[in-house]
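Undergrad: Predicted structure and sequence below. I'll ask about it afterward.
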Amino acid sequence: MPDKAKHKKLPPLFVIKATMGLRNFLVKITKGMLPANFVMLEEASAIWKAKSIEVAAQLNISDYLEEKPLPISQLAALAECNEDALYRMMRTLAGEGIYKELSDKHFTNTKLSKAIQTKEDSVKYFVMHHVGVNNWDLVGDLLNCVKTGENAITHKFGMEPFEYLEKHPEKNNIFNKAMTETAELSGSIFLNAYNFCNYKKIIDIGGGQGHLLAQILEKFPATEAILFDQAHVVGDALNLLKQNGVDDRCSIVEGSFFASIPPNGDLYILKNILHDWDDSTSAEILQKIRAAMLPHSKLLLIETIIKPNNKPSFGKFIDLQMLIGTSGGKERTLEEFTKLLTEAGFAFRRVIENATPFSFIEAVTN
Ligand SMILES: C[S@@+](CC[C@H](N)C(=O)[O-])C[C@H]1O[C@@H](n2cnc3c(N)ncnc32)[C@H](O)[C@@H]1O
């Protein structure tokens with residue numbers, strides 16, 4: 001992982017919150033001044049922005065523009081595209097500030113377009129997962145999901161979401177890379193927001209390819225860890241741990257959290273796990289972890305928390321993702337988390353917010 005990504009400096013949380021508040025306020029004022037029908041058309045046209053970004057990511061456009069601006073003819077040849085069609089997509093993206101069009105149909109990267117380059121510090125695969133082959137058909141099934149409460153994967157493909165990924169290695173690969181990218185994105189912020197150094201043995205349940213643990217272990221040399229996830233997910237984890245020079249302090253355990261949980265951890269992390277499951281299944285997972293814990297162990301949920309207000313939030317979008325893509329999974333309010341925890345034998349301790357949309361919810365055994 002490049003050093004630049006690890007040590008990315010962000011403004012303090014209150015500055016970020018104030019700036020976002022100001023942005024939302026200005027957007028609201030602008031929309032209020034324009035005719036509603038016009039604003040609504042503009043809102044619904046966001047589909048073209050999202051899909052064009054994903055197609056640009058798939059075509060590696062930002063990689064081709066890495067060295068210097070290119071004419072559309074050369075870009076089309078490199079990306080094996082129809083020149084006129086690619087130009088129309090590129091000028092749309094340039095209009096949205098994603099790329100920049102120079103004279104004579106030449107295009108260049110911007111700070112934004114570099115975020116979908118093929119490199120470690122990127123969100124290319126997240127974009128491809130979110131708006132591309134993994135999700136596009138599922139989003140199209142939203143009407144049925146809203147009418148029935150059924151998820152799109154089961155409705156369209158007749159199987160459970162994680163079973164679907166296991167049976168589709170290409171999609172599973174994009175999904176795992178997307179999860180790794182989001183872990184990388186938030187990792188350095190998490191390390192500064194929580195005292196992971198207080199724990200000798202940390203167990204990440206459903207920890208994906210081990211990205212969060214790799215970052216924790218690299219920063220805290222006295223800590224040991226266990227990465228626990230399904231066999232088809234942890235396949236590449238050892239390489240990642242080796243790259244970070246922490247493989248000697250991290251065991252990889254393959255398994256299902258419905259069967260058994262590695263015991264005796266000082267800290268159990270569940271990052272973006274409970275949002276995949278309905279309340280009764282989440283309770284089952286929590287109870288299994290509770291049974292594996294020592295009296296002094298702590299539990300750390302890392303999830304978005306839905307706030308009772310009318311503000312825009314990333315968590316509300318992810319909640320729709322859970323609606324279409326999981327069997328009963330959802331983003332939760334703090335009350336809902338506290339209820340789940342209490343019913344599974346935990347005592348809620350505190351919430352720690354940070355600059356990402358994901359909050360820490362700390363709990364202890366009751
Ligand atoms: C949304 S991803 C989160 C991954 C990682 N914690 C992160 O935040 O990047 C959910 C994870 O749960 C894992 N998972 C799903 N079912 C599981 C099971 N029965 N046992 C263990 N892990 C499971 C998936 O393989 C996947 O890595």
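TA: It's in. Fair warning: this is a prediction, and the values are worked out from it, not measured in the lab. Numbering: from 1, shown residues only.

Undergrad: hey, let's count contacts and neighbours off CA atoms from now on
TA: Will do.

Undergrad: Kindly report the residues of this structure close to the ligand.
TA: Contacts of the chain with the ligand, taken as CA under 6 Å from any ligand atom, map to 179-180, 183, 206-208, 229-230, 233, 255-258, 271-273.

Undergrad: If we use 8 Å, what do you get?
TA: 162, 176, 179-180, 182-183, 204-212, 228-230, 232-233, 254-259, 270-273, 275-276, 302 (CA under 8 Å from any ligand atom).

Undergrad: And the residue of this structure that's closest to the ligand?
TA: Nearest residue of the chain to the ligand, counting by CA to the nearest ligand atom: residue 256, 3.2 Å away.

Undergrad: how about that residue, what does it touch?
TA: Counting by CA atoms under 8 Å, 6 or more residues apart in numbering, residue 256 makes contact with 229-230.

Undergrad: Doesn't it belong to a strand?
TA: No. Counting by DSSP: H, G, I helix; E, B strand; the rest coil, residue 256 is located in no strand; its state is coil.

Undergrad: and it, what pLDDT?
TA: You'll see residue 256 listed with a pLDDT of 97.

Undergrad: contacting residues around residue 99?
TA: Contacts for residue 99 (CA under 8 Å, 6+ apart) come out as 90, 93, 107-110, 112-113.

Undergrad: So which of these are in strands?
TA: Residues of those located in strands (DSSP state E): 107-109.

Undergrad: Any chance of the residues you listed in CSV with pLDDT, neighbour count and distance to residue 150 as columns?
TA: Formatted as CSV, the ones in strands among the contacts of residue 99 follow (pLDDT from 0 to 100; neighbours: other CA atoms under 10 Å; distance: CA to CA, whole Å):
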residue, pLDDT, neighbour count, distance to residue 150
107, 98, 24, 43
108, 98, 21, 43
109, 98, 25, 41
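
Undergrad: Closest one to residue 22 out of those residues, please.
TA: Checking those against residue 22 by CA to CA gives residue 109 as the nearest, at 27.6 Å.

Undergrad: gap between residue 77 and residue 270?
TA: Note on residue 77: its distance to residue 270, by CA to CA, to the nearest Å, is 45 Å.

Undergrad: who's more crowded, those two?
TA: The residue with more neighbours, out of residue 77 and residue 270, is residue 270; 22 against 11, by other CA atoms under 10 Å.

Undergrad: low-scoring pLDDT stretches of the stretch 1-150 of the chain, where are they?
TA: Applying pLDDT under 70 to the stretch 1-150 of the chain flags residues 1-8.

Undergrad: At which residues are the helices of it located?
TA: Here the stretch 1-150 of the chain has its helices, by DSSP state H, counting those that start in this stretch, at 3-6, 13-33, 36-44, 46-58, 61-64, 72-79, 83-95, 124-131, 136-139, 142-148.

Undergrad: residues of the second one that come out buried?
TA: By that I understand helix 13-33. Neighbour-count burial for helix 13-33 flags no residue at all (criterion: 16 or more other CA atoms under 10 Å).

Undergrad: Could you export that helix as PDB, CA atoms only?
TA: Output of helix 13-33 as PDB, limited to C-alpha atoms (Å, rounded to 0.1, in the frame of the first residue of the first chain):
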ATOM      1  CA  LEU A  13     -14.100  16.000  12.100                       C
ATOM      2  CA  PHE A  14     -15.900  19.200  13.000                       C
ATOM      3  CA  VAL A  15     -14.400  21.000   9.900                       C
ATOM      4  CA  ILE A  16     -15.600  18.100   7.700                       C
ATOM      5  CA  LYS A  17     -19.100  18.100   9.200                       C
ATOM      6  CA  ALA A  18     -19.400  21.900   8.900                       C
ATOM      7  CA  THR A  19     -18.300  21.900   5.300                       C
ATOM      8  CA  MET A  20     -20.700  19.100   4.400                       C
ATOM      9  CA  GLY A  21     -23.500  21.000   6.300                       C
ATOM     10  CA  LEU A  22     -22.700  24.100   4.200                       C
ATOM     11  CA  ARG A  23     -22.700  22.100   1.000                       C
ATOM     12  CA  ASN A  24     -26.100  20.600   1.800                       C
ATOM     13  CA  PHE A  25     -27.500  24.000   2.700                       C
ATOM     14  CA  LEU A  26     -26.300  25.600  -0.600                       C
ATOM     15  CA  VAL A  27     -27.600  22.700  -2.700                       C
ATOM     16  CA  LYS A  28     -31.000  23.100  -0.900                       C
ATOM     17  CA  ILE A  29     -31.100  26.800  -1.600                       C
ATOM     18  CA  THR A  30     -30.200  26.300  -5.300                       C
ATOM     19  CA  LYS A  31     -32.800  23.600  -5.700                       C
ATOM     20  CA  GLY A  32     -35.400  25.800  -4.000                       C
ATOM     21  CA  MET A  33     -34.800  28.600  -6.500                       C
END
